[in-house]
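**Q** Everything below, folded, please.
(4 chains)
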2 protein chains.
Amino acid sequence: MISIVLFEDKANMRESLKLLIESETDFKLLEMFPNCKNAKQHILTHQPDVVLMDIDMPGVNGIEGVKIIKSVRPETQIIMLTVFEDDDKIFESIKAGADGYILKKSIPTELLSAIHNASVGGSSISPGVASKVLNAFREKSKASNVNTFSLSKREQEVLELLTKGYSYKKIAADLFVSIDTIGSHIKNIYSKLQVNSAPEAVAKALRLKIV
Amino acid sequence: MISIVLFEDKANMRESLKLLIESETDFKLLEMFPNCKNAKQHILTHQPDVVLMDIDMPGVNGIEGVKIIKSVRPETQIIMLTVFEDDDKIFESIKAGADGYILKKSIPTELLSAIHNASVGGSSISPGVASKVLNAFREKSKASNVNTFSLSKREQEVLELLTKGYSYKKIAADLFVSIDTIGSHIKNIYSKLQVNSAPEAVAKALRLKIV
DNA sequence: ATAAAAATCACCAATATTGGTGATTGTCTG
DNA sequence: CAGACAATCACCAATATTGGTGATTTTTAT
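**A** Numbers count the residues shown, from 1 in each chain, chains lettered A, B, ... in the order given. Below you'll find the predicted structure:
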């Protein structure tokens, strides 16, 4: 038996969802609320397995609601319901800790299987949303690797030690060469990265993930 | 009509998938290959709407295959098929450009709807995998903000300029204060971050995302 | 085998940074 | 109101870094 609490401001939507949920024999709709006011209390009282959370609600919105619920009872599985495929809201929700993201226009069975999935720790994401998430994921991982700035192997090593905050002396000791050699390498690194100081080089290296 | 090409090394799996795909009237299975050798050629020849790609294949594996296909024909929608929920492979696939990620143990209808979704640009991710993706997404976004190291507002500003590679002089000029003031702030920053040099501070700041 | 690139070392002068100490002013909080 | 903190500035000495020039030895690639 999967227990469910629903947060949704529009009365007719609440009724539709209620009917849908009650059509499944192993779902139990514990309660419905029109906003996230006192969400903390509601969750602690009802201890639901799964929460269905509308994103756009007056007062305390769904994203805030997720934060509240996850902070008081992290094991609660939360599925976001929304009409929009709005990038910001999607990412905010995910960061807040949402475990699923279903568009309201999805077919009803999709929501039902999302609830089933959530109850066993799986996440369901509507295809259009999933596509945005994957793209964002790629964004964060790319940019790198292409710009190796054709640093030589040794220069790469030196740069890495530089990003650890090592001084010339320490780097020299680490690599068993003279401090002047390190000076040379660093000069070359600066020229390749087009910077003029260690902090700048470190910043560039870390930002472009070439370390 | 959605045209499909399949890469899968195991013959019996190929046959099963073939039967499944051909059960849908609007799918056309153009061709099947046991590995990604000559994937470039195959894709250019067949120009499929959707590619089903097994991850583990001898020779050129599925992840390499994705890179190849996306580089020659980016509009090709690629759905990864796998038996494992292996974190690394999942993230590698996504980075390579995969548009969906379905576990082989999924119910057949899930794969069919994944293909339909892919053909219209949506992504399908099996619940267990989606959950990992969302977690990874959160990882990347969090870590920050918690460790503010109780830097004062001014110290934060100085640190930010430091991560831009500015010298004491330039920072002082930017903030309209004396260079000695900057020196003081930086001394305090070092002590709070527990470092002893600018490169180290920059590295720590960027790694912990406190800038 | 020969040329190019990488890695090594040296020396030097001009700056910059680091780590001290100390002081003033304003703001906020108990 | 006192004490804490933030922000400001100053001075100093010891190091460290930067930016030059120049040179030798390995490695790598053609």
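
**Q** rest of the way, CA atoms for contacts and neighbours
**A** Will do.

**Q** Give me the residue ranges of chain A where confidence is low.
**A** Per-residue confidence for chain A (pLDDT under 70) gives these ranges: A:139-148, A:209-211.

**Q** what does the domain assignment say about it?
**A** Taking automatic domain parsing as the reference, chain A has its domains at A:2-141, A:153-207.

**Q** how far out from the middle of the chain is the longest one?
**A** What that stands for is domain A:2-141. Taking the mean C-alpha point of domain A:2-141 and that of its whole chain, the gap between them comes to 15 Å (C-alpha atoms, centre = their mean, to the nearest Å).

**Q** still on that earlier bit, let's have the domains of chain A in TSV, adding distance to DNA strand C and mean neighbour count.
**A** Compiled in TSV, the domains of chain A are given as follows (distance: least, C-alpha to the nearest atom of the strand, whole Å; neighbours: other C-alpha atoms under 10 Å in any protein chain shown):
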stretch	distance to DNA strand C	mean neighbour count
domain A:2-141	25	19
domain A:153-207	3	18
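
**Q** Would you tell me which of those gets closest to B:Asn38?
**A** In this view, the domains of chain A are compared for proximity to B:Asn38 by C-alpha to C-alpha, and domain A:2-141 is the closest at 25.5 Å.

**Q** is chain B contacted by that closest one?
**A** Yes - using C-alpha under 8 Å from any C-alpha of the partner chain, domain A:2-141 reaches chain B at A:94-95, A:97, A:99, A:117, A:121-131, A:134, A:137-138, A:141.

**Q** Can you tell me which of those end up in strands?
**A** Residues of these located in strands (DSSP state E): none.

**Q** tell me the contacts of A:Leu162?
**A** Taking C-alpha atoms under 8 Å, 6 or more residues apart in numbering or on different chains as the definition of contact, the neighbours of A:Leu162 are A:Ile171, A:Ala198, A:Val202, B:Pro199, B:Glu200.

**Q** how does it look with 10 Å?
**A** A:Leu162 makes contact with A:156, A:168, A:170-171, A:186, A:198-199, A:201-202, A:205, B:199-200, B:203, according to C-alpha atoms under 10 Å, 6 or more residues apart in numbering or on different chains.

**Q** Widest-spaced pair of these?
**A** For the contacts of A:Leu162, with distances taken as C-alpha to C-alpha, the pair at the greatest spread is A:Lys170 and A:Ala205 (19.3 Å).

**Q** and A:Ala203, what element?
**A** Using DSSP states H and E, A:Ala203 sits within helix A:198-207.

**Q** May I have that helix as CSV, with CA atoms only?
**A** Extracted as CSV, the C-alpha positions of helix A:198-207 are listed here (Å, rounded to 0.1, in the frame of the first residue of the first chain):
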residue,chain,number,x,y,z
ALA,A,198,49.6,32.1,-10.7
PRO,A,199,46.1,32.9,-9.3
GLU,A,200,44.9,33.7,-12.8
ALA,A,201,46.4,30.5,-14.2
VAL,A,202,44.8,28.5,-11.5
ALA,A,203,41.4,30.2,-12.0
LYS,A,204,41.5,29.6,-15.7
ALA,A,205,42.6,26.0,-15.3
LEU,A,206,39.9,25.2,-12.9
ARG,A,207,37.2,27.0,-14.8
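
**Q** Next, A:Tyr166: secondary structure please.
**A** Under DSSP: H, G, I helix; E, B strand; the rest coil, A:Tyr166 falls in the coil class.

**Q** A:Ser124 is in contact with A:Ala130, correct?
**A** Yes - when contacts are counted by C-alpha atoms under 10 Å, A:Ala130 is listed as touching A:Ser124 (8.8 Å).

**Q** residues touching A:Lys164, list them.
**A** Contacts here follow C-alpha under 10 Å, 6+ apart; on that basis A:Lys164 touches A:Val158, A:Ile171, A:Val202, B:Pro199, B:Glu200, B:Ala201, B:Val202, B:Ala203, B:Lys204.
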